[in-house]
Structure formats: structure tokens, C-alpha cells
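>>> Here is my input; please provide its structure:
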Amino acid sequence: MKGLNALLIAALAAAGAPACSSEPKAPPQSTAPQHTAVGQLPTIDMDALVAHTKTLSSDAYEGRAPGTKGEELSVAYIADQLQKAGLKPGNTDGTYFQKVPLVGITPTPTSLVYRKGDRFQALRWKDDIVAWTKHVADMAAIERSELVFVGYGVVAPEFKWDDYKGVDVKGKTLVMLVNDPPVPDPGNSGELDPKTFGGKAMTYYGRWTYKYEIAAQKGAAGALIVHETGPAGYGFNVVQGKTGEQFDLVTPDKNMGRAAIEGWITLDSAKKVLQLAGKDFDELKKQAATRDFKPVPLGVTVSMQIKNKLRTIDSRNVLGKLEGSDPKLKDEFVVYTAHWDHFGKTADGIFHGAEDDALGCAALVEMARAFTKLPSPPRRSILFLAVTAEEQGLLGSQYYAVQPVYPLAKTVADINMDSWNVHGRTKDMTLVGFGASDLDDYARDAAGEQGRVVHADAEPEKGFYYRSDHFNFAKEGVPALDPDGGVDYIGKPPEYAKQVRDEWNATRYHTPKDVVMPEWDLSGAREDLVVLFAVGYRVAQADKMPEWKPGNEFRAKREQMLKGKS
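Reported below is the predicted structural model:
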């Protein structure tokens, strides 16, 4: 789950002003027989939604980790509920399942040791460093590998940016910073340059997944990201949740093309290591925010060994289909996604994952049931897709996006459900990545019929758009909507949104305490679900497919895809 990312917007809270940060163009118009107002759409059964959530997040489901009893129970339950809701099997093989081949890797690491001459430092496992290997092998190691600081580890030709210039890092271990380089605006040194890396908003270059990808492309032996809570968007305790079994998709080369060891180190540990190298962290970080930055060999070597316990499994995505009514358009699909998995059970307890994302799967089921209550199906087909291994790196949606059951060229949109307001009604709704595509316009109009407004998330620098399952559709070119809860709570003080967000991140996010709470108020979630229903229904009815906005990073991929559409 991307986490609750919408913060209180000061102007909105203080003045009660509309939160729309721009005025997008109206969505493509439809010549469908009718335009059904949101108040006339089928209702979502919230009692059933809570019942599903309680079942999926119960102790019996053991935290829903892939490859466990929890998976067996979860996928069977969701498939059964989709069938009872009246959906056909979503796979063309006549089942409700898509197999997703995964390899589970449980690491047993040693300490990571830095050496310079006769001096050395050992980083404590879990306290100072969390590392792993994705190599499908009994062991992975780096031995006396040279340490190189590569700034933000970004190669972005469109911004004339290369953090690797002039240095061959093959076989070396890289230390890099999280997020995009914060390039100052030439006209205002107090702001970031909006023309470089999206200004305040994070691009994919800022994501930790990209950092490891580019390190592998450069042939690095190891890749270590310096954790900073602000830029990362979460505390080191979240990283510490990655110390047990991790999954990855099975690749032909058994992931041997990746760096042998990947991981995170704490900020304090990074500063100490740089001190050992005779360098100052703050000074290097300042240099890294410039195009002139070049990799800095640190004169330090690093060694670490990780032994692996391996197992391969066929995990499953669950999918149900509502067939469209238009003979010409029914082979095109609107997709709703939610992830059924969570972290299973550990020595810390059962990770129930109620909000994250049992509630999303419950909404998926009840959204499907509501669609079957329409007087007639929409023109296009609707696919309800509950994916596996989101918490392992969006693996289930990644697999579907590269091995789709239905062609992506005929997949008109993805609407993701992975963030929930359980605290009451709001005057607004957050759309992460607001302004990316026509889907935001559809959502704006539907929310407007409720007397509500939509706006961007208040922390675009944390890159939440890249942190849930819709991203894998977007990355392949499919317009994708990433909704989040509002921040202007009706009848609550201005600071309430920040209070509930901070409480979630500090005490329940990715912990065993994510359970159904007696004080949940889903009246706001009900209104959000109506908006999401309206978006999917109206897109399914429209004559035109939704498009990415001009200048969007995914637009070219979509245009290229549609040129070859059959």
C-alpha cells in the first residue's frame, strides 16, 4: 500500500476554498443512450464490505502472505464472492485465476563490513542495514567491493542528467540517495525547478525500484540507498519489515543480472561510513543536486554475505469479468484493481492488513456486485482484478501488465483501490498524480455532482503515484487512476486530517495493528466509491478511450501501443 498520503492543505482548511489545483478539460463526451447521475447509480453495500474486510483480515487468514494458507483462503474467498456477485471467470482459460510464478527468498545475512586500510566498521543487521539479494541462488556475496557514492543514481537524458558520468562502476558497490535530485528553480532559489524532474513532484527516477534497476544496468555488485524519512515517505521501521522472506517474479536468468546485494542503510550509518572515507554527507548531498556531479570513489571496501532459503510457488491473481453489452466495444476493458496480499505472520504477530488492503478487496467485490445491478451492462467490459504480491514490489500487477489476459491496447483504464478513508465524510477527494489523464476529469465531474472537489496529493515529492498497482498499468501506457481520501473532514477541526494520517503511519501502517477498528466511519469511503463507480461506468460507456494529458511521461508509450492495435 502506498500509505495515507493526503495531508491537510492549508488554504483549503483555513478558508474552505475549493481544492482544485487546476481546471482540466472536460472528459470525452459519450453518445451513449444516457448519462446516469451519481445519485442514480447502484449503491455499494457497506455492511457487506465490512463483513468481507473482517473475514479477510481475521486471524484465520494469517496475514495473507503469498504461498501460505492465507493465500489459499484469500484467493478462494475472493473468487467465490465474485462468482456469487454474478461475474464470469476473468481468465480466458475458464477460471477465476491467473498463475503468477514467484520465487520466495529468505535471507540469512552476515553483518556488512566497511574497511579502509586497517580501520573497519560493521553495520548491524536490521538496526543499521536491511539488505537482501534477488539472486535465485543459495548464496550471494560482495567481497572487498569498492564503495562509490553516485549521488541520486539517476541517468535522465531528457534532463541532461547523468550521475554515473566518467566512472565505470561494474563490480562496485554503490551508495545513493533516495528521491529525485532537488534542483533549485533558477528564478526562485527557494523552490524546485518545475522543468527538471517534475519540480516538487517525484518522477520514477526518484523511486527506490529505479535505483536498483539502474545499478543492475551499470553492472554494480551492490546497491545501498541511504534512508531519510522525509524523502522516502516512511520511517526506517517500514524498511525493517523486509527482513524476512521476499518474493520476486521468476525470470529466465534467475535474477543474476541484478546487483548481488541490494538494501537500505540508515542516515546515521551513511554519515559514519562517509566519515571513515574522509567525506562529509551534507557536502556530498549538496553536490549531488547539480548536473556537474560525478561519482565519488570513497577509498573504502565493503563485504557482505547472504545465504538464501529458496522456494518457488505459483501464486495467483484473481479476476472476474462483467461482459460488455456493445458488440463492437465489449472486447475493450475497464479494470478495477486491489491487492489481496499482506505480510503474513512473523514473530511480531499477524499482519492483518485490514485497511491495507482487505478493505480494497472488499470494495472490489461489492463494486462488482453493484455493476451487476445496472439495468444493462455498460458498453465495454469490466475486469475486477485482485492481485498478489503488491507488498513484495507490485509483482502481481507487474505480471498481469507484461502477461495480460486481455491486450493492453484494448485496456482503456485502470482504477486502483488501495487507500481508504475510514474517518468520515470529506468535502474533497485526493487524486494522486492529479492532471495525468482524462480519468481525473471524470473523477472531478463525478465528485462535483456530490458537491465535492478533487485535488492533487499534498506530498507529490514522495512519489505515491509509483507505489501501488495502477503504476504497472501506467508504466505500460494504460491510463491509470490513483484515488486517495480527502483531507477536509466535515465537522472536524482543520488539523484532523494530519492527526489521523500521522497516527496511521506511526502506529498501524505495515504493523499487526492494522485491524478493523470499532470507530471506523465509512461514510466518506462510501462517497469515494460512488465516484470510482461513476468513473469506471462512464469510461465504459464513452465513445472515446481516455487519454494521457499532453506532456505526461506515459503518453508516448500509449500512442505507440495504439498504433499497433488490432
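>>> What's the separation between the closest residue to residue 484 other than its chain neighbours and residue 528?
Distance criterion C-beta to C-beta, 6 or more residues apart in numbering; nearest residue to residue 484, sequence neighbours excluded, is residue 430 at 3.9 Å. In this view, the C-beta of every residue, glycine as well, is placed from N, C-alpha and C. Noted for residue 430: a distance of 10 Å to residue 528, by C-beta to C-beta, to the nearest Å.
>>> cool, and residue 213?
Taking C-beta to C-beta, one finds residue 213 at 33 Å from residue 528.
>>> Which one's more surrounded, those two?
residue 528 (28 against 16; other C-beta atoms under 10 Å).
>>> my read: the more buried one touches residue 421, true?
Yes - counting by C-beta atoms under 8 Å, residue 528 does reach residue 421; the two are 6.3 Å apart.
>>> so what's in contact with these two at the same time?
485-486 (C-beta atoms under 8 Å, 6 or more residues apart in numbering).
>>> I'd like to know how many residues surround residue 351.
Neighbours of residue 351 (other C-beta under 10 Å): 26.
>>> residues touching it, list them.
Contacts of residue 351 (C-beta under 8 Å, 6+ apart): 63, 342-345, 510-512, 514.
>>> just to revisit the earlier point, hey, what's in contact with both of residue 430 and residue 528?
Common neighbours of residue 430 and residue 528 (C-beta under 8 Å, 6+ apart) are 483, 485-486.
>>> Inside strands: which ones of those?
residue 483 (DSSP state E).
>>> Got a PyMOL select line for the buried ones in the shared contacts of residue 430 and residue 528?
To isolate the buried members of the shared contacts of residue 430 and residue 528 in PyMOL, using 16 or more other C-beta atoms under 10 Å:
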select buried, resi 483+485+486
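>>> Of the shared contacts of residue 430 and residue 528, just say which sits nearest to residue 409.
residue 483 (24.5 Å; C-beta to C-beta).
>>> Please identify which of the contacts of residue 351 is nearest to residue 410.
residue 342 (31.5 Å).
>>> The closest one: neighbour count?
Counted with other C-beta under 10 Å, residue 342 comes out at 29.
>>> Would you check that it makes contact with residue 388?
No - using C-beta under 8 Å, residue 342 is not in contact with residue 388; the gap is 10.8 Å.
>>> if we can go back for a sec, who wins for most neighbours among the contacts of residue 351?
residue 342 (29 neighbours).
>>> On the three-state scheme, that residue is what?
What DSSP: H, G, I helix; E, B strand; the rest coil gives for residue 342 is coil.
>>> Now do the contacts for the nearest residue to it once chain neighbours are set aside.
Of all residues not flanking residue 342 in the chain, residue 353 sits nearest, at 3.1 Å (C-beta to C-beta, 6+ apart). By C-beta under 8 Å, 6+ apart, the contact set of residue 353 is 56-57, 63-64, 341-343, 514.
>>> Outside of the helix or strand hosting residue 191 itself, list whatever touches it.
Element membership of residue 191 [criterion: DSSP states H and E] is strand 188-192. The contact list for strand 188-192 (C-beta under 8 Å, 6+ apart) reads 182-185, 199-200.
>>> Try it again at 10 Å.
For strand 188-192, the surrounding residues in contact (C-beta atoms under 10 Å, 6 or more residues apart in numbering) are 180-185, 198-201, 289, 461.
>>> Surely residue 271 is in a helix?
Yes - with three-state DSSP as the criterion, residue 271 is part of a helix.
>>> Quick one: neighbours of the residue lying closest to it once chain neighbours are set aside, just the number.
Once flanking residues are discounted, residue 271 sits nearest to residue 281: 4.5 Å by C-beta to C-beta, 6+ apart. Neighbourhood size, residue 281 [other C-beta under 10 Å]: 18.
>>> Residue 281: what's it in contact with?
149, 177, 226, 267-268, 270-275.
>>> pLDDT wise, what is it at?
In this model, residue 281 is scored at 97, pLDDT.
>>> quick one on the thing from earlier: identify the contacts common to residue 342 and residue 388.
Residues touching both residue 342 and residue 388 (C-beta under 10 Å, 6+ apart) are 64-66, 74.
>>> In helices only, show me the residues you listed.
Secondary structure from DSSP state H places residue 74 of the shared contacts of residue 342 and residue 388 in helices.
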